[in-house]
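Asks: 3D, please:
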Amino acid sequence: MKMKYLIALHFLSLLIISSCAVNPVTGEQDLVLLSESDELALGRKTNAEVLKQYTVYENPALQNYVQNIGTKLAAKSHRSNLTYSFTVLDSKEVNAFALPGGYIYITRGLMAYLNSEAELAAVLGHEIGHVTARHSVRQHSATQLTNIGAALTSIFVPGMTQASDQLVQFAGGALLRGYGRTHELEADRLGAEYLARTNYNPEAMLDVISVLKNQEVFDRKLAQAKGREPRAYHGVFSTHPDSDTRLQEVIDMAKGLNESGTVNFVGRDEYISLIDNLVFGDSPQGGILRGRNFYHEDLGFSMRFPQKWNMTNLPDRILLTTADGNALMQISAEDVDNRLSPRNFMIQRMGLNNLEHESPLNINGHSAHTGISVITNKQGSIPARFTVIYFQQRAYIITGMAEGNRLAEYDDAILATAKSFHSLTTDEKVLAKPIRINIEKANSETRFSRLAKQSPLESHAESQLRLLNAKYPTGEPEEGTLIKVLK
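Replies: Numbering: from 1, shown residues only. Sure, this is the predicted structure:
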């Protein structure tokens, strides 16, 4: 048994040695199980998956602007040979991320809160750092190595217990958690370096950190009020305090790397002017949520959601969950053949052959059918409420379920949501328009409290305006400066 175990370790050590490659940033040997061509292929594949989950923001001028800045930064990076792609995603999430091979994304949600070209460059530079140091590849390799190690152990040590399995999994998880923090800190350093080499002020990283920290503080308050988990920008880029000694040292070192002798370019007005008319919050392509009311101009319908249920708007469906996560609703749509009744659609197209407590409905002039059917998921067999509504050559499917056998507790709310479905009225078409950022010049009388009264936001308008203009929590506009307002 001992000999078999040693053979396994020897095989694993040979694999590690044969899989080391020179890190393009540090020049040291790293464990990687992917060649650069494999990395590029993985990036292309994952990019396709990302674009299934997100929509690209329709603004060619803004897309070109981001691509040009990213390309300029990447040209001064440790892997300037790669072809980088920088994409603005049509998402209100405050986020940016990178894939293997040079695919980098930033959401319009994050861009709304940035206030200069240098801040945008700081975000993109940080993500380029993840690519140049091959962080995703190294993390992927660590995962693969853990899986290989577990497989070899089970092959060569047939008597391995469940406890040993758990130990291997724990060790792999600890390794990856350690990588995560190390990678983020390294990306900070590389981002500051790339900023300096392209003559941006590396101190813009501190401005971005301030933006993200204020956004997180505000979102925690909202999350607590709404009974949901707070949203936060990924990684530890947002966890540095402004006074972090290590980050200050990184920035000071980076300033000595610029190639023109000046690292003062900020580009505030250039950036602010370019995001004029940027969609803020919900996108019209996905529908607009105002309070509990949901409006979709392109599809021509409106609905009213239950109070204190949280909405997640995905490209192919809407998810609604209770604050405690005990109940879920899904709203989706499929093309329909009108020769099928809504009931037959449920039976033939959805495979619901065991409908109970069913009945035909007329929902605000639209043919519909509802019933309860038992479905099987990870929790076992549970009852779910299904309602199908025919509207403009589509079948809208509202599905509601709850943990265990608790559907009865939520069934009234689920059915009421389905029955609220109706054609968009003339008055509602105005509410279905998105909120947009408008750029104005502040004068001596400009105050966020006054701007908030003119804002279309239904709550926290003054705080949101301060966040957008880097004046949170109590700052006011400076006379003569360009500011963001919401209309």
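Asks: Figure out the helix or strand that Thr376 lives in.
Replies: strand 366-377 (DSSP states H and E).
Asks: Which strands and helices lie in contact with that strand?
Replies: If you count contacts as 3 or more Cβ pairs under 8 Å, 6 or more residues apart in numbering; DSSP states H and E, strand 366-377 packs onto helix 342-344, strand 356-363, strand 380-391, helix 407-419. C-beta: built from backbone N, CA, C; applies to glycine.
Asks: Next, the buried residues of the first one.
Replies: When neighbours are counted by 16 or more other Cβ atoms under 10 Å, the buried residues of helix 342-344 are found to be Pro342, Arg343.
Asks: what sits up against that helix?
Replies: Leu355, Glu358, Pro360, Ser367, Ala368, His369, Val388, Ile389, Tyr390, Ala395 (Cβ atoms under 8 Å, 6 or more residues apart in numbering).
Asks: tell me, how many neighbours does the third one end up with?
Replies: Going back to what we said before, that points to Pro360. 12 (other Cβ atoms under 10 Å).
Asks: Could you measure from it over to Ser341?
Replies: 8 Å (Cβ to Cβ, to the nearest Å).
Asks: Identify the contacts common to the two.
Replies: Shared contacts of Pro360 and Ser341, defined by Cβ under 8 Å, 6+ apart, comprise Ser367, His369.
Asks: returning to what we had before: is it possible to get a markdown table of the helices and strands packed on strand 366-377 that adds mean pLDDT?
Replies: Shown next, in a markdown table, are the helices and strands packed on strand 366-377 (pLDDT from 0 to 100):
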| stretch | mean pLDDT |
| --- | --- |
| helix 342-344 | 97 |
| strand 356-363 | 97 |
| strand 380-391 | 94 |
| helix 407-419 | 97 |
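Asks: Show me which of the contacts of helix 342-344 is closest to Arg304.
Replies: Lowest distance from Arg304 to these (Cβ to Cβ) belongs to Ile389, with 14.1 Å.
Asks: The closest one reaches Gly365, doesn't it?
Replies: No: the pair Ile389 and Gly365 does not pass the contact test of Cβ atoms under 8 Å, sitting 10.5 Å apart.
Asks: Comparing those two, which residue is more hemmed in?
Replies: Legend: neighbour count by other Cβ under 10 Å for Ile389 and Gly365, higher for Ile389 (26 against 8).
Asks: okay, now the domains of this protein?
Replies: 2-271, 288-430, 437-486 (automatic domain parsing).
Asks: so where is the stretch 101-250 of the chain shaky, pLDDT-wise?
Replies: Low-confidence segments of the stretch 101-250 of the chain (pLDDT under 70): 135-181, 232-244, 246-247.
Asks: where do the helices sit along it?
Replies: 108-111, 117-132, 135-156, 162-197, 204-226, 245-255 (DSSP state H, counting those that start in this stretch).
Asks: just to revisit the earlier point, quick one, which of the contacts of helix 342-344 are buried?
Replies: Buried, going by 16+ other Cβ under 10 Å: Leu355, Ser367, Ala368, His369, Val388, Ile389, Tyr390, Ala395, out of these.
Asks: can you pull up the bridge partners for the nearest residue to the second one once chain neighbours are set aside?
Replies: Excluding its sequence neighbours, the residue lying closest to Ser367 (Cβ to Cβ, 6 or more residues apart in numbering) is Tyr390, at 4.7 Å. Beta bridges link Tyr390 to Ala395, judged by DSSP bridges.
Asks: ok, now which ones touch Tyr390?
Replies: Val336, Asn338, Pro342, His366, Ser367, Ala368, Tyr396.
Asks: separation between the first one and Thr83?
Replies: I take that to be Val336. Applying Cβ to Cβ, the value for Val336 to Thr83 is 43 Å.
Asks: And the last one, by the same measure?
Replies: Spatial separation of Tyr396 from Thr83 under the definition Cβ to Cβ is 42 Å.
Asks: Looking at these two, which is more packed in?
Replies: For Tyr396 versus Thr83, neighbours defined as other Cβ under 10 Å are more numerous around Tyr396 (23 against 10).
Asks: So the more buried one versus Gln330, what's the distance?
Replies: Using Cβ to Cβ, we find Tyr396 at a distance of 11 Å from Gln330.
Asks: Equivalent analysis for Thr46, please.
Replies: Taken as Cβ to Cβ, the span from Thr46 to Gln330 is 25 Å.
Asks: again with Phe391
Replies: With distances taken as Cβ to Cβ, Phe391 is found 17 Å from Gln330.
Asks: higher neighbour count, those two?
Replies: The neighbour count for Phe391 versus Gln330, taken as other Cβ under 10 Å, is higher for Phe391 (21 against 17).
Asks: Tell me which stretches of the stretch 1-150 of the chain form strands.
Replies: 20-22, 29-31, 85-89, 96-99, 103-107 (DSSP state E, counting those that start in this stretch).
Asks: would you list the domains of the chain in TSV and tack on distance to Leu278?
Replies: Shown next, in TSV, are the domains of the chain (distance: least, Cβ to Cβ, whole Å):
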stretch	distance to Leu278
domain 2-271	6
domain 288-430	15
domain 437-486	5
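Asks: and of those, who's closest to Asp282?
Replies: Short answer: domain 288-430, nearest of those by Cβ to Cβ, at 4.6 Å.
Asks: which one among the contacts of helix 342-344 gets closest to Arg436?
Replies: Distances from Arg436 to the contacts of helix 342-344, taken by Cβ to Cβ, are shortest for Ile389, at 31.0 Å.
Asks: Output the below-cut-off pLDDT ranges for the stretch 251-400 of the chain.
Replies: 258-263, 379.
Asks: mind running it again at 50?
Replies: Low-confidence segments of the stretch 251-400 of the chain (pLDDT under 50): none present.
Asks: residue contacts, Glu358?
Replies: Contacts of Glu358 (Cβ under 8 Å, 6+ apart): Arg343, His369, Thr370, Gly371, Ile372.
Asks: please redo it, this time with the cut-off set to 7 Å
Replies: His369, Thr370, Gly371 (Cβ atoms under 7 Å, 6 or more residues apart in numbering).
Asks: for Thr322, same thing?
Replies: So Thr322 contacts Trp309 (Cβ under 7 Å, 6+ apart).
Asks: separation between it and Arg231?
Replies: Distance, Thr322 to Arg231, using Cβ to Cβ: 18 Å.
Asks: for Ala192, same thing?
Replies: In terms of Cβ to Cβ, Ala192 sits 26 Å off from Arg231.
Asks: So between these two, which is more surrounded?
Replies: Taking other Cβ under 10 Å, Ala192 and Arg231 do not tie; Ala192 has more neighbours (30 against 16).
Asks: wait, isn't that one in contact with Ile251?
Replies: Yes: contact criterion Cβ atoms under 7 Å: Ala192 and Ile251 qualify, at 5.3 Å.
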